[in-house]
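1. quick one, fold the following:
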Amino acid sequence: MDFKIKIKNKEYQVELKENGGAVKIKVGGKEFVFGSNKGLIEAQSATKKDLSKEVVSSLSGVIINIFIKEGEKVKSGKKFLTLSAMKMENEIVAENDCKIKKILVKENQQVKEGEVLIILE
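-> Model (predicted):
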């Protein structure tokens with residue numbers, strides 16, 4: 001289910017999905033998973049206040065393209081990589097300007113949901 005909410009005159013796109021007893025909520029590009037025994041698990045993080053975070057896979061799949069290099073400074077919106085999952089290509093992009101500290105995956109590598117893909121400075 002997709003819908004929009006407005007908080008302090010700023011509009012946010014919200015997506016809700018059920019997945020194996022857990023509920024995934026995606027707001028403004030960040031995804032959170034809620035489950036009866038899990039509590040809250042942040043599945044993706046890279047905020048303006050804290051850029052020294054990990055970019056985490058929100059889906060299980062295969063890395064098909066990597067568009068960045070370690071040490072590279074990237075602008076918000078630049079593609080980090082493409083993840084193929086469920087016969088669809090999903091682009092993982094920079095949410096903010098940042099610098100790539102470490103790339104932990106390679107092309108054609110299988111990754112799991114929640115796996116760390118990239119570490120940002």
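2. what's the domain layout of this protein?
-> What automatic domain parsing lists as the domains of the chain is 1-43, 45-121.
3. most tightly surrounded among those?
-> Burial among the domains of the chain, expressed as mean neighbours by mean count of other Cβ atoms under 10 Å, is greatest for domain 45-121, which shows a mean of 15. To be clear about C-beta, it is placed using only N, CA and C from the backbone, and glycine gets the same treatment.
4. OK, contacts around V105?
-> With Cβ atoms under 8 Å, 6 or more residues apart in numbering as the criterion, the residues that contact V105 are 63, 66, 81, 111, 115, 117-118.
5. coming back round to it: turn the domains of the chain into CSV, including mean pLDDT.
-> Below are the domains of the chain laid out as CSV (pLDDT from 0 to 100):
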stretch, mean pLDDT
domain 1-43, 67
domain 45-121, 86
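6. and the strands in this protein, which stretches?
-> Listed in chain order, the strands found in the chain under DSSP state E are 2-7, 10-19, 22-27, 30-35, 39-42, 54-56, 61-66, 73-74, 79-85, 88-93, 98-103, 110-111, 116-120.
7. so what's M1 closest to, chain neighbours aside?
-> Closest residue to M1 apart from its sequence neighbours, by Cβ to Cβ, 6 or more residues apart in numbering: L16 at 4.7 Å.
8. repeat for G71
-> With Cβ to Cβ, 6+ apart as the criterion, G71 has its nearest non-adjacent residue at 6.4 Å, and that residue is I100.
9. tell me the bridge partners for the one you found.
-> Beta-bridge pairing for I100 (DSSP bridges): L120.
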